[in-house]
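[1] quick one: sequence and predicted model below, then my questions.
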Amino acid sequence: MQVALAWLLQRSLNILLIPGTSSVEHLRENIKAASLQLPQQTVVDLNAIAARPLADQAI
């Protein structure tokens, strides 16, 4: 989940994440995502996956 949150944060400076949390530990994990810096190639790869039609994505 941290990678997904970090990816969203790195996509745009205009993104505000409001993830749900069920515990204090989960909240701490979500906050750590803000300091996770994904390599540029990882961001490119995740952007490409997100751009594919949903039917083409493996679940």
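    Perfect, I can see it now. Residues are numbered from 1 along each chain as shown.
[2] okay, now residue 11: neighbour count?
    Other residues lying near residue 11 total 13 when counted by other Cβ atoms under 10 Å. All C-beta atoms are positioned from the backbone trio N, CA, C, and that covers glycine.
[3] also residue 16?
    When neighbours are defined as other Cβ under 10 Å, residue 16 has 7 of them.
[4] per-residue pLDDT, it?
    The pLDDT attached to residue 16 in the predicted structure is 81.
[5] so it, which of the three states?
    coil (DSSP: H, G, I helix; E, B strand; the rest coil).
[6] next, the buried residues of the lengthiest helix in the chain.
    When every helix of the chain is counted residue by residue (DSSP state H), the longest turns out to be helix 40-51. By neighbour count, and taking 16 or more other Cβ atoms under 10 Å as the criterion, the buried residues in helix 40-51 are residue 46.
[7] which residues are in contact with that helix?
    7, 10, 11, 38, 57 (Cβ atoms under 8 Å, 6 or more residues apart in numbering).
[8] do stretch 15-24 as well
    With Cβ under 8 Å, 6+ apart as the test, stretch 15-24 has contacts from 1, 5, 8, 9, 27, 30.
[9] swap in 6 Å and give it another go.
    By Cβ atoms under 6 Å, 6 or more residues apart in numbering, the surrounding residues in contact with stretch 15-24 are 5, 8, 27, 30.
[10] in helices only, show me these.
    Filtering the contacts of stretch 15-24 for helices - DSSP H - leaves 5, 8, 27, 30.
[11] ok, back up a step: out of the contacts of helix 40-51, which is most surrounded?
    Each of the contacts of helix 40-51 was scored by neighbour count (other Cβ under 10 Å); the top score is that of residue 7, with 19 neighbours.
[12] which residues are in contact with that residue?
    Counting by Cβ under 6 Å, 6+ apart, residue 7 makes contact with residue 46.
[13] ok, 10 Å please
    Contacts were defined as Cβ atoms under 10 Å, 6 or more residues apart in numbering; by that measure residue 7 touches 33, 36, 38, 42, 43, 45, 46, 47, 49, 50.
[14] nothing else from me, thank you.
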